[in-house]
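S.K.: here's my sequence, what's the structure:
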Amino acid sequence: MIQLKDRQDIAADSKLSKLYTQFAALLKELKTKQLTISVIDAINKAVEEISTSALDGNELKKLVKQKQTAILKQLEKELKIVPKKYYQGLWMAFGMSSIGLPIGVAFGLSVGNIGLLGIGLPIGLGIGALVGLRKDKKALAEGRQLDVEIKY
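M.R.: Next up, the predicted model:
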């Protein structure tokens, strides 16, 4: 895999610097995994595009996020490799919208006060967090979890 070029111009922007460092850590972690040729080619193309980019500031931040997300989606789709807390974040959102909202609506309608709709959201959040945590533990046990946590 191609190395990510160090950029001196990002030191002034702390958010961009953190994002760039996170992307570099992701690349370092990916070197320890068995990857397919298509995934390696996609990673190399993304790294090359970021390294040779003349963008700076918010435009560079947007490009790095876009490329990082594309790499993670491809890893999850093709190899089922995910970063730390991937499933937890995914399932918390799913739990709130698909589990918590219907519970809240049912509770609000049964009591006769639809204003209590929000009661189900923390219930769904908790259920989703538990399911996601279990899936993350399973991915770790199977060796499909990267030792990197992605934060935006």
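S.K.: and Arg86, how many residues sit next to it?
M.R.: I think there's a mix-up here, since residue 86 is Tyr and not Arg. For Tyr86, the neighbour count with other CB atoms under 10 Å is 22. Where C-beta positions appear, they are placed from N, C-alpha and C, glycine not excepted.
S.K.: wait, what's in contact with it?
M.R.: Contacts for Tyr86 (CB atoms under 8 Å, 6 or more residues apart in numbering) come out as Leu72, Glu76, Asp136, Ala139, Gln145, Ile150.
S.K.: quick one, helices of the chain?
M.R.: Secondary structure of the chain by DSSP state H: the helices cover 14-30, 37-51, 58-79, 86-94, 101-111, 120-141.
S.K.: and the angle for the longest strand along the chain with helix 58-79?
M.R.: For the chain, the strand with the greatest residue count under DSSP state E is strand 145-149. Strand 145-149 runs at 160 degrees relative to helix 58-79, counting by axes from the mean of the first three to the mean of the last three CA atoms, to 10 degrees.
S.K.: and the angle from strand 145-149 to helix 86-94?
M.R.: Per the same axes, to 10 degrees, the angle that strand 145-149 makes with helix 86-94 is 70 degrees.
S.K.: switch the contacts of Tyr86 over to CSV; also include pLDDT, neighbour count and distance to Pro122.
M.R.: Output for these, formatted as CSV (pLDDT from 0 to 100; neighbours: other CB atoms under 10 Å; distance: CB to CB, whole Å):
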residue, pLDDT, neighbour count, distance to Pro122
Leu72, 96, 18, 28
Glu76, 96, 17, 28
Asp136, 97, 22, 20
Ala139, 97, 20, 25
Gln145, 96, 21, 27
Ile150, 94, 20, 25
